[in-house]
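Enquirer: return atomic coordinates for the entry below.
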Amino acid sequence: MSAAPRYHVLSVLVENRRCARTSPTCSPAAATTSTPAVAPTDDENFSRITVVVDVESAPLEQVVKQLNKLINVIKISELDPRDSVERELMMLTVKAPRHAQRDTRARRAVRRERDRRGSRRAHHEPG
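Expert: Numbers count the residues shown, from 1 in each chain. Just a heads-up that it's a prediction; the model follows:
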């Protein structure tokens with residue numbers, strides 16, 4: 001049996017027109033959160049913010065209540081961390097000969113297109 005999660009993953013659907021108001025509330029003094037990740041949805045009027053909250057820093061109910069006080073929040077869903085995919089990003093600079101640069105650009109274009117197609121399937125309708 002797996003150990004209990006040490007954090008909550010919240011998916012917050014917000015109206016774009018006031019998205020900036022969400023930032024201070026996602027990081028209340030009482031709760032430890034990771035950097036919120038903002039992504040577009042299929043509807044250009046909405047964005048989805050993913051927030052990771054430390055279980056020990058604040059009760060989940062407190063964080064949800066603080067988020068719900070925002071006018072622009074439409075819906076808050078808790079995602080099961082055991083069913084989530086976590087990724088880390090590393091940015092680096094690589095020096096390579098010209099022929100290798102062309103090959104790298106071609107591979108990157110293929111990967112970008114594959115990711116774009118996958119993200120279209122992963123989006124959910126707002127509401």
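Enquirer: need the next SSE after the helix-or-strand element of the chain with minimal mean pLDDT, C-terminal direction.
Expert: When each helix and strand of the chain is scored by mean pLDDT, DSSP states H and E, helix 22-26 comes last, with a mean of 46. Later in the chain than helix 22-26, the nearest helix or strand by DSSP states H and E is strand 37-40.
Enquirer: that next one - contacts with which helices or strands?
Expert: Here strand 37-40 touches strand 46-54, going by 3 or more CB pairs under 8 Å, 6 or more residues apart in numbering; DSSP states H and E. All C-beta spots, glycine's among them, are computed from the backbone N, C-alpha and C.
Enquirer: what helices or strands is whichever helix or strand comes after the strand it packs on leaning on?
Expert: The helix or strand immediately downstream of strand 46-54 is helix 60-68, counting by DSSP H and E. Contacts defined by 3+ CB pairs under 8 Å, 6+ apart place helix 60-68 against strand 7-15, helix 22-26, strand 46-54, strand 73-79.
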